[in-house]
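Q: Build the 3D model from these lines:
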Amino acid sequence: MTLQLGAHIGQQNMAMDEMRALWTRLDRAGLDWLSVWDHIYEAPPAGGTIDHFETVASLAALACDTENARLGVLVFYVGYRNPGLLAKVAATVDHLSGGRFTLGLGAGWHEPEATAYGYEFPSPGRRLDMLDEATRAIRGLLTQDRTTFHGEHVTVENASCLPPPVQERLPIWIGGLGPKRTIPMVARLADGWNAAYVSPERYNELNTLLTSHAEEVGRDPAEIERTVNLSFDLVLDEAEIEDRRRELVIKWGSQAERLAAGSLLATPNRAVEQILAYRDAGAEMVNVAFRAPWNPDALDAYLEVVVPQVRTA
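A: Residues are numbered from 1 along each chain as shown. Below is the predicted model of the structure:
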């Protein structure tokens, strides 16, 4: 299996010109995928003290600035936008990008930003119910002339979504790690699955579970694309690893251990081995998540050393 490589760009702590230059460089470097995230505040949370650009506007610029890579958001939290509006966003960006857009949906996690901006942030179970209904409603809007959907959280009444996307079937991915609700939902509803910041071993367990659920509902498991996000923590010298690990603890606190399990916290040669371990665990694409600032030399090493070696492995 040929492993695809992508970049997941946090639109924070950078000037707009810097961010646009970054994704243009990544596109020209031949990466297969480029995405932004759906946050109002910075991640990890820091009380809204770090510059952060809005998602849809950033995504439109990404679509216009690039030519080759597939594009997405990993993932839109369905509590921030009406699903009908999300369908319109998806169709519009698909046109801006010439048919390169994939719609990622999720149940959200960043409660501090939701509270700060006055959004309701329900229990995990309710947010997953919202995700299920939103995914089904959006699928209808992107594929049917008219859609009516009546759920507990989502209502669509004889709605059209014109013009339709460029792609005959614009892919919908669901992101998340939950074995009881999220993975079965992916099996029923999604074209792809994205897992963020997990070890290869855990990824393999969840990937196997997804295959099992797909078979149970009568789907060919090969129809569901499998991807993973890893945090970009590349270092150029082994001696830097512990310093970088301590930085993760400072930024992420109790979540640092979980994040480190899915981090590219290694020298370039070791990073190649880590990425290939996810391929062996069933990932079809590995996205490296960039949070500024980073060492420019480390980014150079990733593009000039790691990516070529992974491509030829």
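
Q: can you pull the contacts of the spatially most central residue of the chain?
A: In the chain, the C-alpha closest to the average C-alpha coordinate belongs to Leu74, at a distance of 2.3 Å (CA atoms, centre = their mean). Leu74 is in contact with His8, Ser35, Trp37, Gly104, Gly106, Trp173, Gly175, Asn194, Ala196, Asn229, Asn287, counting by CB atoms under 8 Å, 6 or more residues apart in numbering. In this view, the C-beta of every residue, glycine as well, is placed from N, C-alpha and C.

Q: Does anything pack onto the longest strand along the chain? Which helices or strands?
A: Secondary structure assigned by DSSP state E gives strand 225-232 as the longest strand of the chain. Taking 3 or more CB pairs under 8 Å, 6 or more residues apart in numbering; DSSP states H and E as the contact definition, the neighbouring helices and strands of strand 225-232 are strand 4-9, strand 192-196, helix 200-216, strand 263-264, helix 268-280, strand 285-290.

Q: Redo those as TSV? Include mean pLDDT and distance to Ala222.
A: Conversion of these to TSV gives the following (pLDDT from 0 to 100; distance: least, CB to CB, whole Å):
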stretch	mean pLDDT	distance to Ala222
strand 4-9	98	15
strand 192-196	98	12
helix 200-216	98	9
strand 263-264	94	27
helix 268-280	97	16
strand 285-290	97	14
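
Q: And the residue nearest to the centre of the chain, how close does it get to Pro112?
A: Noted for Leu74: a distance of 20 Å to Pro112, by CB to CB, to the nearest Å.

Q: Please settle this for me: is Arg298 part of a strand?
A: Just so we're on the same page, residue 298 is Ala rather than Arg. No - note on Ala298: no strand contains this position according to DSSP: H, G, I helix; E, B strand; the rest coil, which reports helix.

Q: Tell me where this structure has helices.
A: Along the chain, the stretches classed as helices by DSSP state H are 16-28, 55-65, 83-96, 111-116, 124-143, 182-189, 200-216, 241-252, 256-261, 268-280, 296-301, 307-312.

Q: if I pick the nearest residue to Asn295 once chain neighbours are set aside, what's in contact with it?
A: Distances taken as CB to CB, 6 or more residues apart in numbering put Leu236 closest to Asn295, at 7.2 Å, once the chain neighbours are dropped. Taking CB under 8 Å, 6+ apart as the criterion, Leu236 is in contact with Thr267, Pro268, Asn295, Asp297, Ala298, Ala301.

Q: are any of the residues you listed buried, and which?
A: Judged by neighbour count, with 16 or more other CB atoms under 10 Å as the criterion, the buried members of the contacts of Leu236 are Thr267, Pro268, Ala298, Ala301.

Q: okay, now Leu142: neighbour count?
A: Close neighbours of Leu142, defined as other CB atoms under 10 Å, add up to 23.

Q: quick one: pLDDT of it?
A: The pLDDT attached to Leu142 in the predicted structure is 98.

Q: got JSON lines for the buried ones among the contacts of Leu236, with distance to Leu3 too?
A: Putting the buried ones among the contacts of Leu236 into JSON lines (distance: CB to CB, whole Å) gives the following:
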{"residue": "Thr267", "distance to Leu3": "20"}
{"residue": "Pro268", "distance to Leu3": "17"}
{"residue": "Ala298", "distance to Leu3": "21"}
{"residue": "Ala301", "distance to Leu3": "19"}
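
Q: Ala57: which of the residues you listed is nearest?
A: When the buried ones among the contacts of Leu236 are compared for distance to Ala57 (CB to CB), Ala298 comes out closest, at 28.4 Å.

Q: That closest one contacts Val235, doesn't it?
A: Yes - using CB atoms under 8 Å, Ala298 is in contact with Val235, at 6.6 Å.

Q: which neighbours do the two share?
A: For the pair Ala298 and Val235, no residue contacts each of them under the criterion CB under 8 Å, 6+ apart.

Q: Mind picking the two most distant members of the buried ones among the contacts of Leu236?
A: The span of the buried ones among the contacts of Leu236, defined through CB to CB, is set by Thr267 and Ala298 at 9.7 Å.

Q: tell me, what's touching those two both at once?
A: Any residue near both Thr267 and Ala298 by CB under 8 Å, 6+ apart counts here, and that gives Leu234, Val235, Leu236.

Q: Relative to Asn194, how far out is the first one?
A: Yep, that's Leu234 we're talking about. As judged by CB to CB, Leu234 and Asn194 stand 21 Å apart.

Q: do Leu259 as well
A: In this structure, Leu259 and Asn194 are 16 Å apart, going by CB to CB.

Q: more crowded one of the two?
A: Relative neighbour count places Asn194 above the other of Leu259 and Asn194, with 27 against 21, counting by other CB under 10 Å.

Q: per-residue pLDDT, the closest residue to that one other than its chain neighbours?
A: Using CB to CB, 6+ apart and skipping residues adjacent in sequence, the residue nearest Asn194 is Gly175, 4.2 Å away. With respect to pLDDT, Gly175 has a value of 98.
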